[in-house]
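Colleague: could you look at this predicted model? Sequence included:
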Amino acid sequence: MNEATPMPVAELTYPEGIGTAIASAHAAASKGRMDEAVRWFDLCRTLLTTLSPAAALKKRVDANAQGRRREADKFHKAIMDRASSDPATRVAIFADSLALPRPEEMDAFPGNLETTYPGIINARLQAAPAIKGASVWAHCERYFTTNDLIKLLLEHPESVRDAHVLVHLGLNDCAIRMYMDDQRIAVGLLPDDIASQVLAFSSKYRKALIEAFPYFSYVPIQNFTANLHRIAQITKSLNAQSLTFSTTIVVPEKFWPATPGICRNFTTYNLETMNVAHQVGANVLDVDRLMWGRDVEVSLNKDGMHLSPIGHELLASSWLKSTFNI
């Protein structure tokens, strides 16, 4: 930020303070002063949560979280309804949106449950005579992170007791963000003209923002490492039969230019996943290599991140073979 144009923080009001910060960001960028511009934007996104009306923001944040949880609970119930009455084998799957149908496909749910890898895993376990019945305790939630999983395990320790556990998380942890979740929601509280300016800056200058703040993610790498260790500790204390951590899929090349350093970022988290797994005695399902080895263009959805039907099948088959040899 230009030292010649300080903003008196004590005088900031809502929404004018945010409007001033984002206008200053655009003005600096238009003059080619990108270092100053991105710092104005960084202040802007901080102000989104410090100046926004606290009660209104909390209401929206809570409603957003509750909506995601309701969808996850719906998925959980659908798969539990297919469990054996007296299962000899227990499985727990914790995942983000990669385990779910895409939002536009949820109208067909639960009829399309078996097109997702948790549904495929459940169906194959039920059909395998040697398994003698199975239940799959699945929590699959959009925007879910390892932070969220630790909270869930403390809330539902029974989910992993005596179970084979698959943790397919990491994408939401490591992806470089323009906004934290509450900041993104806070944009929706702004007057339309200011909200448009905020969103326009992050869209137009995405590369500059990533270069300036390359570690702006939901779960920084140090926290991610600690979370994996904590997850291993919790599952071991509850006599989990096995624990598998998955890697995160590096997006196809066509998406690289928009996100500088994306391969380095994803690979850093993947290597840490492998390192922690080795240290705690967990298995690794290298979903990244699995999808790229088959042909990432057919393994992934057109968005380059979510699984296609082939990707769901590959993931389910690989984990079942490595864990149960079926």
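Modeller: Looks like it came in fine.

Colleague: where do the helices sit along the stretch 201-326 of the chain?
Modeller: Under the criterion DSSP state H, counting those that start in this stretch, helices of the stretch 201-326 of the chain are mapped to 206-212, 221-237, 262-280, 287-294, 296-299, 309-324.

Colleague: mean pLDDT lowest where, among those?
Modeller: Of all the helices of the stretch 201-326 of the chain, mean pLDDT reaches its minimum on helix 296-299 (a mean of 82).

Colleague: quick one: closest of the helices of the stretch 201-326 of the chain to Ala83.
Modeller: Ala83 lies closest to helix 309-324 among the helices of the stretch 201-326 of the chain, at 16.2 Å (Cβ to Cβ). Yep, even glycine has a C-beta here, placed from its N, CA and C like the rest.

Colleague: for the closest one, which helices and strands make contact with it?
Modeller: Judged by 3 or more Cβ pairs under 8 Å, 6 or more residues apart in numbering; DSSP states H and E, the packing partners of helix 309-324 are helix 117-127, strand 164-168, strand 242-246, strand 283-285, helix 287-294, helix 296-299.

Colleague: buried set for it?
Modeller: Residues Gly311, His312, Glu313, Leu314, Leu315, Ala316, Ser317, Ser318, Trp319, Leu320, Thr323, Phe324 are the ones in helix 309-324 that count as buried (16 or more other Cβ atoms under 10 Å).

Colleague: and stretch 179-191, by the same measure?
Modeller: Neighbour-count burial for stretch 179-191, with 16+ other Cβ under 10 Å as criterion, is recorded at Tyr179, Met180, Gln183, Arg184, Ile185, Ala186, Val187, Leu189, Leu190.

Colleague: only alpha carbons, please: show that stretch as PDB.
Modeller: The C-alpha coordinates for stretch 179-191 follow below in PDB (Å, rounded to 0.1, in the frame of the first residue of the first chain):
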ATOM      1  CA  TYR A 179     -11.400 -15.200  -0.500                       C
ATOM      2  CA  MET A 180     -11.800 -17.200   2.600                       C
ATOM      3  CA  ASP A 181     -15.200 -18.700   3.000                       C
ATOM      4  CA  ASP A 182     -16.700 -16.000   5.200                       C
ATOM      5  CA  GLN A 183     -15.200 -13.300   3.100                       C
ATOM      6  CA  ARG A 184     -16.800 -14.800   0.000                       C
ATOM      7  CA  ILE A 185     -20.200 -14.800   1.800                       C
ATOM      8  CA  ALA A 186     -19.600 -11.300   3.100                       C
ATOM      9  CA  VAL A 187     -19.400 -10.000  -0.500                       C
ATOM     10  CA  GLY A 188     -23.100 -10.900  -0.800                       C
ATOM     11  CA  LEU A 189     -24.000  -8.400   1.900                       C
ATOM     12  CA  LEU A 190     -22.400  -5.400   0.100                       C
ATOM     13  CA  PRO A 191     -24.300  -3.000  -2.100                       C
END
